[in-house]
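S.K.: Any chance you could fold what I've pasted below:
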Amino acid sequence: TLAHLSRLKEDGKLDKPSLIIMPTSLIANWKNEIHKFTPNLTVVSLHGADRHERFEHIGEFNILLTTYSLIPRDQELFDKEKFYYIILDEAQKIKNPTAKMTKGIKQLNGDYRLALSGTPIENHLGELWSIFSFLMPGFLSDMKFFRDYYQLPIEKEHNQKRQILLNKRVKPFMIRRTKEVVAHELPAKSEIIKYTQFGSSQSRLYESIRVMMEKRVKEAVSQKGIGSSHITVLDALLKLRQVCCDPSLLKIAEAKKIKESAKLELFLNLVDELLAEGRKILVFSQFTSMLAIIEENIKKRKIRYSKLTGATRKREEAIEKFTKGNADLFLISLKAGGIGLNLVEADTVIHYDPWWNPAVENQATDRAYRIGQDKAVFVYKLIVENSIEEKILELQKKKKAIQDGIYNKDGQQDDVKFDGNELLELLS
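M.R.: Numbering: from 1, shown residues only. Next up, the predicted model:
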């Protein structure tokens with residue numbers, strides 16, 4: 001993207017600023033990459049409390065950086081401008097077409113539009129429609145037509161003819177540059193699932209909560225139906241996942257009595273082994289409270305570490321502590337650091353707890369396994385046997401089939417049937 005903008009400037013075609021919209025966490029990374037690789041491009045960040053002062057001078061710059069969350073706040077200012085390119089980084093952020101932010105971005109005025117994403121489809125094909133409605137409004141018809149003609153037949157009926165038709169329609173406007181294509185020199189990546197088992201007391205806790213929550217969910221479903229019981233179902237799943245991570249995550253008296261934590265023990269033993277081999281490790285979890293527990297334990301072991309969550313004020317300092325070699329282990333919350341960061345200093349990734357969507361996990365893994373990596377990368381997934389975590393792995397396989405289907409040349413999919421009772425089955 002930067003090379004293309006740089007060439008446009010050299011050819012005298014970049015006659016107005018280009019706007020790049022991104023998650024807040026990527027502002028610093030984009031600025032650094034521009035200064036490093038395309039120093040001929042002038043850049044200004046329209047971010048921070050004093051950003052409005054810089055709007056008066058945006059015509060002096062080639063690139064303007066802002067964030068998704070600031071578009072609605074600064075809509076009136078942006079609407080006054082005309083841009084050469086409007087570029088979305090992590091474009092899956094506009095997957096909800098009815099969101100105020102999405103609508104605001106679509107009304108911006110630019111000569112050209114570009115969407116960058118490693119995961120344009122995270123959950124369903126409607127997300128792809130939303131991105132194309134930004135790029136080329138009307139190209140995939142309206143949302144209702146797309147849903148009836150493409151999305152439901154492909155996702156629910158596994159209609160391969162419709163899959164092939166959709167693939168042919170979008171293919172001329174999509175460039176998928178996988179690592180296998182653009183980086184033959186990229187070293188190997190090994191994925192390893194490390195299993196553990198509950199001890200007796202943790203097992204009893206898990207089963208008691210499973211039985212209790214299954215009963216509560218069935219009552220909710222019988223009264224309100226599955227469609228109106230999602231909050232109850234998700235709360236039940238959350239509690240089971242927390243037991244798997246560490247019983248102390250549950251704020252109930254019964255859990256506080258449990259002192260054993262099978263997965264934490266597995267994790268700490270694994271980290272000791274890996275550090276003894278000289279590994280540099282990224283650790284991801286969805287639970288910031290779990291990262292706090294891990295932090296407490298690695299402090300006792302006197303392990304050099306850094307930590308990045310949504311609450312981290314000095315993000316750059318936390319990142320540089322790891323990238324400059326002053327930390328051997330980097331604790332990262334999936335939401336705060338799962339996208340955009342370049343952490344090729346690491347050669348090991350540990351996913352402490354599995355997430356429903358494999359694309360999100362893969363994005364996190366790619367903080368280390370990306371162009372510029374010169375070491376073999378090992379990815380560990382920690383799973384408790386005979387628990388909801390094993391069922392999440394199965395659900396990941398189904399989601400991956402939908403995500404891959406849009407890219408496959410023949411449109412073939414495995415049998416990936418979804419039904420209304422899928423979440424309920426996770427409790428059984």
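S.K.: Show me how the protein divides into domains.
M.R.: Using automatic domain parsing, the domain parsing of the chain gives 2-178, 179-196+261-386, 200-259.
S.K.: Could I get the ones you listed in CSV, plus columns for mean neighbour count, distance to Gln396 and mean pLDDT?
M.R.: To be clear about C-beta, it is placed using only N, CA and C from the backbone, and glycine gets the same treatment. Output for these, formatted as CSV (neighbours: other CB atoms under 10 Å; distance: least, CB to CB, whole Å; pLDDT from 0 to 100):
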stretch, mean neighbour count, distance to Gln396, mean pLDDT
domain 2-178, 16, 12, 92
domain 179-196+261-386, 18, 4, 89
domain 200-259, 16, 14, 87
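S.K.: Reformat those into a markdown table and put distance to Lys397 next to each item.
M.R.: Output for these, formatted as a markdown table (distance: least, CB to CB, whole Å):
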| stretch | distance to Lys397 |
| --- | --- |
| domain 2-178 | 15 |
| domain 179-196+261-386 | 8 |
| domain 200-259 | 18 |
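S.K.: for these, which one sits closest to Ile392?
M.R.: With CB to CB, the closest approach to Ile392 among the domains of the chain belongs to domain 179-196+261-386: 4.5 Å.
S.K.: residue boundaries of the helices in the stretch 101-250 of the chain?
M.R.: 126-135, 143-146, 152-155, 160-170, 179-182, 200-224, 230-245 (DSSP state H, counting those that start in this stretch).
S.K.: want to try JSON lines for these, with distance to Ile27 as columns?
M.R.: JSON lines is the format used below for those (distance: least, CB to CB, whole Å):
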{"stretch": "helix 126-135", "distance to Ile27": "21"}
{"stretch": "helix 143-146", "distance to Ile27": "31"}
{"stretch": "helix 152-155", "distance to Ile27": "35"}
{"stretch": "helix 160-170", "distance to Ile27": "30"}
{"stretch": "helix 179-182", "distance to Ile27": "25"}
{"stretch": "helix 200-224", "distance to Ile27": "41"}
{"stretch": "helix 230-245", "distance to Ile27": "31"}
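S.K.: Just the C-alphas of stretch 369-388, formatted as CSV.
M.R.: Extracted in CSV, the C-alpha atoms of stretch 369-388 (Å, rounded to 0.1, in the frame of the first residue of the first chain):
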residue,chain,number,x,y,z
TYR,A,369,4.8,-15.6,12.0
ARG,A,370,5.0,-12.9,9.4
ILE,A,371,7.3,-11.5,6.7
GLY,A,372,10.6,-10.7,8.4
GLN,A,373,10.6,-13.8,10.6
ASP,A,374,13.8,-15.7,10.2
LYS,A,375,13.2,-18.4,12.9
ALA,A,376,11.0,-21.4,13.0
VAL,A,377,7.8,-20.6,15.0
PHE,A,378,6.1,-22.9,17.4
VAL,A,379,2.5,-22.3,18.3
TYR,A,380,1.1,-24.0,21.4
LYS,A,381,-2.6,-24.3,22.2
LEU,A,382,-3.5,-25.3,25.8
ILE,A,383,-6.6,-27.5,26.1
VAL,A,384,-8.3,-29.2,29.0
GLU,A,385,-9.5,-32.7,28.0
ASN,A,386,-13.2,-33.6,28.2
SER,A,387,-14.2,-30.0,28.6
ILE,A,388,-15.8,-27.2,26.6
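S.K.: Now find how far off-centre it is within its chain.
M.R.: 15 Å (CA atoms, centre = their mean, to the nearest Å).
S.K.: again with stretch 116-132
M.R.: Put simply, stretch 116-132 sits 12 Å off its chain's centre (CA atoms, centre = their mean).
S.K.: mind listing what Lys82 touches?
M.R.: By CB atoms under 8 Å, 6 or more residues apart in numbering, Lys82 lies in contact with 16, 109-111.
S.K.: out of these, who's nearest Ile87?
M.R.: Closest to Ile87, out of all of those and judged by CB to CB, is Gly110, at 8.9 Å.
S.K.: Any figure for the gap between Gln202 and Ala115?
M.R.: 45 Å (CB to CB, to the nearest Å).
S.K.: what do you get for Ser45?
M.R.: Taking CB to CB as the measure, Ser45 falls 21 Å from Ala115.
S.K.: wait, Ala28 sits on Glu317?
M.R.: No - under the criterion of CB atoms under 8 Å, Ala28 makes no contact with Glu317, lying 10.9 Å away.
S.K.: So which residues of the stretch 251-400 of the chain form strands?
M.R.: For the stretch 251-400 of the chain, the strands defined by DSSP state E, counting those that start in this stretch cover 281-285, 305-308, 329-333, 348-351, 377-384.
S.K.: For these, please prepare JSON lines with the additional fields distance to Thr67.
M.R.: Shown next, in JSON lines, are the strands of the stretch 251-400 of the chain (distance: least, CB to CB, whole Å):
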{"stretch": "strand 281-285", "distance to Thr67": "22"}
{"stretch": "strand 305-308", "distance to Thr67": "17"}
{"stretch": "strand 329-333", "distance to Thr67": "18"}
{"stretch": "strand 348-351", "distance to Thr67": "26"}
{"stretch": "strand 377-384", "distance to Thr67": "29"}
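S.K.: Contact partners for Lys375?
M.R.: The contact partners of Lys375, taken as CB under 8 Å, 6+ apart, are 187, 347.
S.K.: Would you report the backbone torsion angles of it?
M.R.: Dihedral angles of Lys375 (phi, psi; degrees, to the nearest 10) stand at phi -120, psi 150.
S.K.: The one 10 residues further on too?
M.R.: Recorded main-chain torsions at Glu385 are phi -60, psi 150, according to degrees, to the nearest 10.
S.K.: Would you mind measuring from it to Lys300?
M.R.: Going from Glu385 to Lys300 by CB to CB gives 27 Å.
S.K.: And for Ala376?
M.R.: Counting by CB to CB, the gap from Ala376 to Lys300 is 30 Å.
S.K.: and what of Glu207?
M.R.: As judged by CB to CB, Glu207 and Lys300 stand 31 Å apart.
S.K.: repeat for Leu238
M.R.: To Lys300, Leu238 is 28 Å away according to CB to CB.
S.K.: Equivalent analysis for Gly126, please.
M.R.: From Gly126 across to Lys300, the span is 47 Å (CB to CB).
S.K.: now swap in Ile34 and tell me
M.R.: Shown here: Ile34 relative to Lys300, a distance of 42 Å by CB to CB.
S.K.: same question, Gln396
M.R.: For Gln396, the distance to Lys300 equals 33 Å [CB to CB].
S.K.: Ok, Gly278 next?
M.R.: Counting by CB to CB - Gly278 and Lys300 are separated by 21 Å.
S.K.: How about Glu394?
M.R.: According to CB to CB, Glu394 stands 36 Å off from Lys300.
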